[in-house]
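A.B. asks: With the input below, show me the fold.
(2 chains)
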Amino acid sequence: MSELPAKLVCKSLWKIFGTGAETFLNTPPSPDENALRSAGLIGAVRDINLSVHDGEIFVIMGLSGSGKSTLVRCMSRLIEPTAGQILFDGHDLLSADTRTMVDIRRHKMGMVFQHFALLPHMTVLGNVAFPLEVQGMERGAREVRAREVIELVGLEGREDYYPRELSGGQQQRVGIARSLAVEPELWFLDEPFSALDPLIRREMQDEFLRIQSVLRKTIVFITHDFDEAIRLADRVAIMKDGIIDQIGTPEQLVMQPATDYVAEFTRDVSRAKVLSAGVIMTPISDDTSQHDFAGKVSAATKIIDIAEALKDAAKPFAVIDENNRKIGVLSREDVFDVLVKS
Amino acid sequence: MSGTPIQQTKTPLLPVWVAVLGFSFIFTAFAKPYVPWAFKFPRAWQWLLKDDISRFMDWLVDEASFGVFTFTEFTRGIAWVVNLPYEVTRSLLSTGLLQGQGSDAIQLLPPISWIAIIAIIMALGAYARDWKLAVLAGACFIYLSVFGQWQSAMITLSSIVIAVPFGVGGGLMLGLFGYRWRWFEKIITPVLDLMQSVPIFAYLVPILFLFGFGPVSAIIATIIYAMPPMVRITFLALRSLPSDVIDLGNMIGCTRRQMTWKVLIPSAMPSLMVGVNQVIMLSLNMVIIASMIGAGGLGFDVLSSLRRLDIGAGIESGFAIVVLAIALDRLSQAFAKKSPATHEDEQSSLLKRYPYSITSLTLVIVTGLLGLVWGAFQIYPESWTLTTGSFWKETVTYININYYDQLEGVKTFLLLQVLIPFKRALLSLPWPVVIAILGLAGWSLGGKKLAALCIILSGFIVLVGLWEKAMITVYLCGISVIIASLIGMPIGIMAAERPKLWPFVQAVIDTLQTLPSFVYLMPVVMLFRVGDFAAMIAVVAYAIAPAIRYTAHGIRQVNPDLVEAGIVSGCTKGQVLRKIKLKLAAPEIFLGLNQTIMLALSMLVITALVGTRDLGQEVYIALAKADTGRGIVAGLSVAFIAIIADRLITAGVKRSKARLGLT
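C.D. replies: All right, here's what the predicted structure looks like:
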């Protein structure tokens, strides 16, 4: 797989809460959890290395207290990291002065919050236009732009409503619209759907995927919901106690969990929904068309989508890549093995 | 690094207590002939702090200078800033625009007509909530005109209209500074604590000294008195904003100013409005007291009729203050709770968008013009006013003639059997014993720091030679608090146990807390004349509300699961109350006790007017003599008593909450 250019890179990023955290980190350079605890410090983010590629949805998944919110706030420098490096488009974010930082946030970053953080005294239009107002854009121009994004999130007609007149899902649409108003290059979403009830959450996830298919932003998405993570993510980072256990595509997490902790999450996942034909097929080296196939499926197809066809077919399917070349064979036994094995 | 703090508190306290109390008892009983200084602090040892303060104040006024301008010019500047808007408001509401001085003055423009003012008040009510509030507020103001209190009420209103914005604005600024800089909060918090526990009278003395006698001094005193809660509420409102909101402000790149004015303050607005309500109520509470240093209006009327013992006039003016307070309280509460606007469907006409402002403005102009033709539109005609003065007078006379023996009997019994023995017992305690016990209490409840605080503060009172007066204050306060708790707590329990009773009780205590403290004095003086007993009754009436409120609240907030667990285990109703509810509500009930003590202390100083001999009297004398040092020292002593009580109870509550696992 060809590497896309990295939009945001974290190099040995640390955030330690407590007095004397900086000096503590110098000796020894990489303390473990016990060393920190005995010094009365809390290692919220410990030695994080990751890179977010241009245009991908990068999900950071972890339970509460795992440090995921702290990590995303370090990435946007809402929280000052204790040590490490953050490269945004190759520039060191941590050495940027206040003025530059304000500029970057005003024009290149957007953030959606778990509890919406809408300003109660402003209308939907006012809230969405607020980041532009802060930049000093004049009223006419910013309202034109705000109306565009309001339409994008499907709230046209509600411009003059106040936040408390909207449902939770609608309020978060306002939050999303507001974060998109400045056309950010890097889009942070901090548990955006956690405060919504399950049905609305599902609807909002679809809406989010739709918006992303139009905009192709670089996204850092925080969630505590593993199902949400594998549903939305191009890649997932699993976080626990301030460190990342594993980074990988949803399929990699399911097929090769790096730790018991990751395996714990993936065990109950519906594999048919995560795994694609290309992962569980039996590869064939060359296009020997001696086999008699029931049909052709693309390597990216999820198992669940071909299960019905496989069930009725007596013969295996041919798996093809994007160039329409046969690269493997998918039989009922292959699928059965994977789905039953745990 | 931090060690193991848990083991330090495990000092065996019981033997220490037994030893100290035993020694104290023996010391108190037998030591008088040998160490007389422990029973009466020798005059020669006194620290003459009050003279130092008075000298310092003289120096401030006569010599102090900031280089460019002197201190006196500085205070005159402040006075000017306050006076200018006050003059304007008073002209609008009460006197009209005048040219010239005194009786030669010519009225250039009449004040706003009473009809228009009532209309404006009603419009505010309708805008803030609904027509019911409009009717209530309107009725209050109509009462003022019908009972002939209009002129005085408008003078009072204009000083409040000036004091409130200064108080709110100043409080907001200090609160913002404290929010931005932790060190500022650390400095200002103890100052606020002190300001809220120093009796109001004590403020008046230095203000009188610096600003002279007159409405401006009164307004400045009101501002200083009403500001502290606004500062606190600002801290609290900003600190309790969800962190998301602050992150939002940073994420979209707000500058500091944008953050403050566009994100923080609008988001915190509902809580801040609670602060505004507090400022208004405290300003009203100050109305009568401020009239001692020159505020005119209703407060002056009450004070002078109290001095003349003119029962009827006093009650009428006092009631006018209550009515004004109710109207302003309900209005400001409605504004605090007012839900943000809803969307408008389409652009509508100017009149439709601003119906209240336009109606009010029209009425001001129309009634103003009509008033030129027919005076009744301008000023409510005197011949239309009613008075209830004689009714009150006759009622009190009737009670005094027919129930004199009963009232006197109760009074004498309580005085002889309870008040005087209690007072004697307290006064006989040697001061080193009291200080030792306070120190020990501080140590066992809160550790070394609290013990040191108790010892230093009570030691101060001894040193400045006010020990005896302080003990009288403690005695009056203590007995009032005990009686208030004995009455208030059962009422609170009943109100909490019977949901139907609660709204009624709540309405009563809300009203009690709206009344300015002075109002309590009037009926008491009428029925019991002057002295400790009258003072005690007034203090009990004033301080009972928190005892009821906190008890009821504490019981109502007990986790219903625990109550159900009790019922399932077979508890009777009484057992549920005793063994579950009261146990868990105890910390909250103690907080109520704390509030009761604070209110009792603040009321005690006012009851000096009815002839007590405690610290309140000391402050009152200082005010009469404009003796700044004496007033401040006595005021600080009252404050220190309040602080000791507050810190001890708070520490106790914290411990018991921790033990119950409620945090």
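A.B. asks: what about B:K411, which helix or strand?
C.D. replies: Taking DSSP states H and E as the criterion, the element that holds B:K411 is helix B:404-414.
A.B. asks: quick one: average pLDDT of that helix?
C.D. replies: Mean pLDDT, helix B:404-414: 87.
A.B. asks: now stretch A:40-53
C.D. replies: This predicted structure assigns stretch A:40-53 an average pLDDT of 87.
A.B. asks: just stretch B:436-448 next, same as before
C.D. replies: The average pLDDT within stretch B:436-448 is 88.
A.B. asks: May I see the buried residues of that stretch?
C.D. replies: Applying a neighbour-count criterion of 16 or more other C-beta atoms under 10 Å in any protein chain shown, one finds B:A436, B:I437, B:L438, B:G439, B:L440, B:A441, B:G442, B:W443, B:S444, B:L445, B:G446 buried in stretch B:436-448. Quick note: C-beta positions are derived from backbone N, CA and C, even for glycine.
A.B. asks: picking that back up, following the chain past the helix holding B:K411, name the next helix or strand.
C.D. replies: helix B:420-428.
A.B. asks: what does that next one rub up against?
C.D. replies: When contacts are taken as C-beta atoms under 8 Å, 6 or more residues apart in numbering or on different chains, the neighbours of helix B:420-428 outside the stretch itself are B:T28, B:F39, B:E468, B:M471, B:I472, B:V474, B:Y475, B:G478, B:I479, B:D532.
A.B. asks: Please apply the same query to stretch A:254-274.
C.D. replies: A:61, A:226-227, A:230, A:238, A:240, A:245-246, A:248, A:250-251, A:253, A:275, A:279, A:302-304, A:307, A:338-339, A:342.
A.B. asks: can you map out the strands along the stretch 1-150 of chain A?
C.D. replies: Taking DSSP state E, counting those that start in this stretch as the criterion, the stretch 1-150 of chain A contains strands spanning A:6-17, A:42-53, A:57-61, A:83-88, A:91-92, A:109-112.
A.B. asks: circling back to that earlier point, which of the contacts of stretch A:254-274 fall in strands?
C.D. replies: Among the contacts of stretch A:254-274, DSSP state E puts A:M61, A:I238, A:K240, A:D245, A:Q246, A:G248 in strands.
A.B. asks: excluding its backbone neighbours, what's nearest the first one?
C.D. replies: Read it as A:M61. Taking C-beta to C-beta, 6 or more residues apart in numbering or on different chains, and ignoring the residues beside it in sequence, A:M61 has A:A229 as its nearest neighbour in space, at 4.1 Å.
A.B. asks: what about the one you found, distance to B:V231?
C.D. replies: 46 Å (C-beta to C-beta, to the nearest Å).
A.B. asks: try B:V323
C.D. replies: Using C-beta to C-beta, we find B:V323 at a distance of 29 Å from B:V231.
A.B. asks: Of the two, which one has the most company?
C.D. replies: The residue with the greater number of neighbours, taking B:V323 and B:V231 and applying other C-beta atoms under 10 Å in any protein chain shown, is B:V231; the counts read 26 against 20.
A.B. asks: Run a quick check on that one versus B:G169, I expect a contact.
C.D. replies: No - when contacts are counted by C-beta atoms under 8 Å, B:V231 is not listed as touching B:G169 (11.4 Å).
A.B. asks: outside of stretch B:610-618, which residues touch it?
C.D. replies: When contacts are defined by C-beta under 8 Å, 6+ apart, stretch B:610-618 is touched by residues B:199, B:201, B:466, B:469-470, B:472-473, B:476, B:521, B:524-525, B:530-532, B:534-535, B:538, B:604-608, B:630, B:634, B:637-638, B:641.
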